[in-house]
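Engineer: Sequence and predicted structure are below.
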Amino acid sequence: MVRCRLSGPDQESPVTLRYIPLAEFELWQHLMESRHGRGVTVEEVSLWVSEQAAWWNSGFAAENLVPVLRVRFERPGPNGVLVPIERFFPAETYPQAQEALLRHFEGASRPRNLFATPGYFLPATAPRPTSARSA
């Protein structure tokens, strides 16, 4: 997972914060820079875990967990075949982000089966649990 920011006059605003799966990051970055004219600054690369897994297994202190929602949905693709889509949003801006996301899909391409899963971005710089250090 890549935590990054889009450039612009409001660069420090929470609305410029993005969480992008690492496998998609270079393509997404190219799209943001070439099509939308927005620079991308990488802050950190780490991983996302669901709230349930983090609660029971992470061993990280609560202040080291950054709340991020995973949103999964399907949208109709070619010949009506449903295409799965997964996006991540900072919890603090999720209502606005969801509205912006849904504006991209109109009419028949409207998302179906939308589910939001609470979870956390685990910063690589967060102190590791004692048991993980000795392993």
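Structural biologist: Yep, that arrived.

Engineer: C-alpha from now on. contacts and neighbour counts both.
Structural biologist: Noted.

Engineer: what's across from T41 in the sheet?
Structural biologist: For T41, the beta-bridge partners under DSSP bridges are R5.

Engineer: Run through who's touching the lengthiest helix in the chain.
Structural biologist: Counting by DSSP state H, the longest helix found in the chain is helix 22-34. The contact list for helix 22-34, computed with CA atoms under 8 Å, 6 or more residues apart in numbering, reads M1, V2, I20, R38, G39, V40, V45.

Engineer: Would you map out the domains in the protein?
Structural biologist: The chain breaks down into these domains under automatic domain parsing: 1-45, 64-124.

Engineer: for the ones you listed, which one sits closest to Q52?
Structural biologist: domain 64-124 (7.6 Å; CA to CA).

Engineer: before we move on, back to that, closest one to E51 out of the contacts of helix 22-34, please.
Structural biologist: M1 (15.7 Å).

Engineer: one step back: Serialize the domains of the chain to CSV and add fields for mean neighbour count and mean pLDDT.
Structural biologist: Below are the domains of the chain laid out as CSV (neighbours: other CA atoms under 10 Å; pLDDT from 0 to 100):
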stretch, mean neighbour count, mean pLDDT
domain 1-45, 15, 90
domain 64-124, 15, 87
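
Engineer: Can I get the ones you listed in JSON lines including distance to Q52?
Structural biologist: Below are these laid out as JSON lines (distance: least, CA to CA, whole Å):
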{"stretch": "domain 1-45", "distance to Q52": "18"}
{"stretch": "domain 64-124", "distance to Q52": "8"}
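
Engineer: Quick check: which of those is nearest to E51?
Structural biologist: domain 64-124 (4.0 Å).
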